[in-house]
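> Structure here, sequence nowhere to be found:
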């Protein structure tokens, strides 16, 4: 079946360390992939977009990689802070019918 | 929030009630969306409106009825809902009319059906 997988268990990281979140997909041919942040009681907020022909994208302390061979995107937060604690969602856009497929999200907890 | 606003933020309703969710976007976008978000599940796209015309309806039960009177306002009318419809309902907008574009979300309405 076609799906997007993100770790369903919360990820606990010590403040100052790099947090790495994973988004795996199967049976899709991606055009690009988006990452969003969602805080409790709020809607998702767009963070970064990476295209299938791009290996890496950076924005301040954020870095996204995209490996179409492994069918995986990694989302990194360097020098993590407690304020980075949130749920992070990935969303893949297929290159055939431009369908937008969402992952269920991974909860990230940065401990002081 | 001045981007995308939603009211009410919380709603409790019985299965025989009729209620409406309201969404307003102040971004000058041409497309608006309704999503359902249940705990630990991916976002489910319910309806898409592009330039006030419904362009997508993902097999949503008829007890959910959308309305888009203009490009800035979107409603979701609810009637005879089921307990399994309890979820966070998110409204979003995007610049053009393509679902793959970057989405700008409202804060959501937390709905509880008793």
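Structure's in. What do you need? What you are looking at is a predicted structure, and each value in this text was computed from that prediction instead of being measured.
> Residues of chain B that sit close to chain A?
B:4, B:40-43, B:45, B:90-92, B:98-100, B:102-108, B:110 (Cβ under 8 Å from any Cβ of the partner chain). For the C-beta atoms, the positions are set from N, CA and C on the backbone; glycine is no exception.
> Drop anything exposed from those.
Among those, those buried by neighbour count (16 or more other Cβ atoms under 10 Å in any protein chain shown) are B:4, B:42-43, B:45, B:90-92, B:99-100, B:103-108, B:110.
> Which residue in the residues you listed has the weakest pLDDT?
Among these, residue B:99 carries the weakest pLDDT, at 67.
> Check which residues of stretch A:4-15 are buried.
For stretch A:4-15, by 16+ other Cβ under 10 Å, it's A:4, A:6, A:7, A:13.
> Quick one: mean pLDDT over it.
On average, stretch A:4-15 scores 93.
> From the contact counts, what lies against the lowest-mean-pLDDT helix or strand in chain A?
When the helices and strands of chain A are scored by mean pLDDT, DSSP states H and E, strand A:100-102 comes last with a mean of 88. Applying 3 or more Cβ pairs under 8 Å, 6 or more residues apart in numbering or on different chains; DSSP states H and E, one finds that strand A:100-102 contacts strand A:3-6, strand A:86-94.
> what's the very next helix or strand once past the shortest one in contact with?
Tracing the chain past strand A:3-6, the next element assigned as helix or strand by DSSP states H and E is strand A:11-14. Outside strand A:11-14, the residues that touch it by Cβ atoms under 8 Å, 6 or more residues apart in numbering or on different chains are A:19, A:21, A:80, A:106, A:107, A:108, A:109, A:110, A:111.
> Verify the contact between residue A:111 and residue A:15 for me.
Yes: judged on Cβ atoms under 8 Å, residue A:111 makes contact with residue A:15 at a distance of 6.3 Å.
> any residues in contact with both of the two?
With contacts taken as Cβ under 8 Å, 6+ apart, residue A:111 and residue A:15 have residue A:82 as neighbours in common.
> Could you check how far residue B:86 is from residue B:15?
11 Å (Cβ to Cβ, to the nearest Å).
> what's the closest non-adjacent residue to the residue in chain B that chain A sits nearest to?
As assessed by Cβ to the nearest Cβ, chain A sits closest to residue B:105 within chain B, at 2.9 Å. Among residues not flanking residue B:105 along the chain, residue A:43 sits closest, at 2.9 Å (Cβ to Cβ, 6 or more residues apart in numbering or on different chains).
> so who does the residue of chain B closest to chain A touch?
If you count contacts by Cβ under 8 Å, 6+ apart, then residue B:105 has A:43, A:44, A:45, B:4, B:35, B:90, B:91, B:92 around it.
> on that earlier part again, list the buried residues for the least confident helix or strand of chain A?
Buried-residue list, strand A:100-102, by 16+ other Cβ under 10 Å: A:100, A:101, A:102.
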